[in-house]
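**Q** quick one, structure for this:
(2 chains)
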Amino acid sequence: MQRLLLTILLLGIASPAHAMHISEGILPFDWAAFWFVVALPFVAIGIRRLNDLSKDDLSMKPLVGLMAAVVFVISCMPIPVPTAGTCSHPCGTGIAAILVGPFVSVLITSVALLIQALFLAHGGISTLGADTVSMGVAGSFAGWLVFRGLRGMGAALGVAGFLAGLLADWATYLVTSVELASGIRGEAPFLPLFWKIVVAFIPTQLPLGILEGAMTAGMVTLLYRKRPDLLVKMRVIKPQEAAIHA
Amino acid sequence: MPDRKRKLKIVLLHIVLLPTVLFVFYFFTLAPKPWTGVDEAVVEKIAKEHGREARKPLIDPGEGDLLLFLFLSAGAVGGFAAGYFWRKLVSEKKG
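**A** Purely as a prediction, here's the structure:
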């Protein structure tokens, strides 16, 4: 019954997304190529890391599969933001980076973005590198670093998850602004255009970041209840914390 | 008894949740806002001001409901995949 409800909900929310992936042709060729070069090593390390994880432990495969599906669905889910009157989507990279590591999260994101660009007209093939850097690299590493940093300082799982999701989302849009400003500015100075784009993103992304934070905190907490052993394996929590829960 | 309490809680949750969701949806339809995506409202608008325009995608879904169908299919496949892997993760613990 719960699975049926989940499926119906997911079918209901799926509709053509108008969101932040940079569309085909927006970036000039040299900038599009530059972002591909930046993204490539992260994706390559992600493939190696995924192979290592799969060799070590077969139970990682369902977790990676789950995260891939979550990133794919979440990043093409338009959410209306009443404060702005526009729609945008969360990224899901914060939670993916926390659970499977930032490099595997970059890999997952690049695959999700490729499928979206090819079949859903969401983002572009020429801008795939730029979109991978903003959503995959910036989102994953921001989320992962914030989560690890806060946990290291003794923050609760939910609080660290919330802030990781929030900052992963905002980091994505900051880097999108950098990519856009550097690509389209021509002879115009970089900084005024960068700030103009950031300010234009704020009404939509400020509340959406909070939503992404809540989603990330919810998912981390849920997995802690259901599979604390997996969180120990991925070094999200210490074995003592899992023992307390058990 | 705990089962009855749980059922009561679920019923109460639905009594509160369903009208809230309906109201929120109704509120959204009333609002005189375009609900365009930030790609149109921000990215493409500012890019156009600087002489860059979005090109047609490599595989163009064109006009009509084809894109809606594709998103619906992608949502269904993604949803089933998420549910399948979640079940695998949770049932592995029991097994």
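**Q** going forward, measure contacts and count neighbours with C-alpha atoms only.
**A** Fine.
**Q** now the strands: where do they sit in chain B?
**A** For chain B, the strands defined by DSSP state E cover B:36-37.
**Q** got the contact list for A:L118?
**A** Neighbouring residues of A:L118 by CA atoms under 8 Å, 6 or more residues apart in numbering or on different chains: A:124-125, B:57-59.
**Q** just the buried ones from these, in ChimeraX syntax?
**A** To isolate the buried members of the contacts of A:L118 in ChimeraX, using 16 or more other CA atoms under 10 Å in any protein chain shown:
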select /A:124,125 /B:57
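**Q** I'd like the contacts of A:L118 laid out as JSON lines, including distance to A:V198.
**A** JSON lines is the format used below for the contacts of A:L118 (distance: CA to CA, whole Å):
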{"residue": "A:G124", "distance to A:V198": "21"}
{"residue": "A:I125", "distance to A:V198": "24"}
{"residue": "B:P57", "distance to A:V198": "26"}
{"residue": "B:L58", "distance to A:V198": "29"}
{"residue": "B:I59", "distance to A:V198": "30"}
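**Q** number of residues surrounding residue 46?
**A** Since you didn't name a chain, this refers to chain A. 20 (other CA atoms under 10 Å in any protein chain shown).
**Q** to clarify, I was referring to chain B.
**A** The number of residues packed near B:I46 is 22, by other CA under 10 Å.
**Q** give me the distance between it and A:I210.
**A** To A:I210, B:I46 is 25 Å away according to CA to CA, to the nearest Å.
**Q** do the same with A:T93
**A** In this view, A:T93 and A:I210 are 14 Å apart by CA to CA.
**Q** more neighbours: these two, which one.
**A** The residue with more neighbours, out of A:T93 and A:I210, is A:T93; 38 against 19, by other CA under 10 Å.
**Q** list the residues that contact B:L8.
**A** Neighbour list for B:L8: empty [criterion: CA under 8 Å, 6+ apart].
**Q** how far away is B:R4 from B:L18?
**A** Distance from B:R4 to B:L18, by CA to CA: 21 Å.
**Q** next one: B:K56
**A** Relative to B:L18, B:K56 is positioned 40 Å away (CA to CA).
**Q** now swap in A:V178 and tell me
**A** Distance of A:V178 to B:L18, given as CA to CA: 41 Å.
**Q** what separates the top helix by length along chain A from the chain centre, distance-wise?
**A** Scanning chain A for the longest helix, with DSSP state H as the assignment, gives helix A:190-226. The chain centre lies 10 Å from the centre of helix A:190-226; the measure is CA atoms, centre = their mean, to the nearest Å.
**Q** what's the first helix or strand after that helix?
**A** helix A:228-233 (DSSP states H and E).
**Q** pLDDT on whatever helix or strand comes next after that next one, on average?
**A** Where DSSP H and E defines the elements, the next helix or strand beyond helix A:228-233 is helix A:239-245. Across helix A:239-245, the average pLDDT comes to 75.
**Q** residues of helix A:239-245 that come out buried?
**A** Of the residues in helix A:239-245, those buried (16+ other CA under 10 Å) are A:A242.
**Q** does chain B sit close to it?
**A** No: using CA under 8 Å from any CA of the partner chain, we find that helix A:239-245 stays clear of chain B, coming within 13.6 Å at best.
**Q** and the residue nearest the centre of chain B, how far from A:L231?
**A** The centroid of chain B falls nearest to B:G75 when counting by CA atoms, centre = their mean (8.2 Å). Distance of B:G75 to A:L231, computed by CA to CA: 27 Å.
**Q** cool, A:A242 as well?
**A** 8 Å.
**Q** just A:V133 next, same as before
**A** According to CA to CA, A:V133 stands 26 Å off from A:L231.
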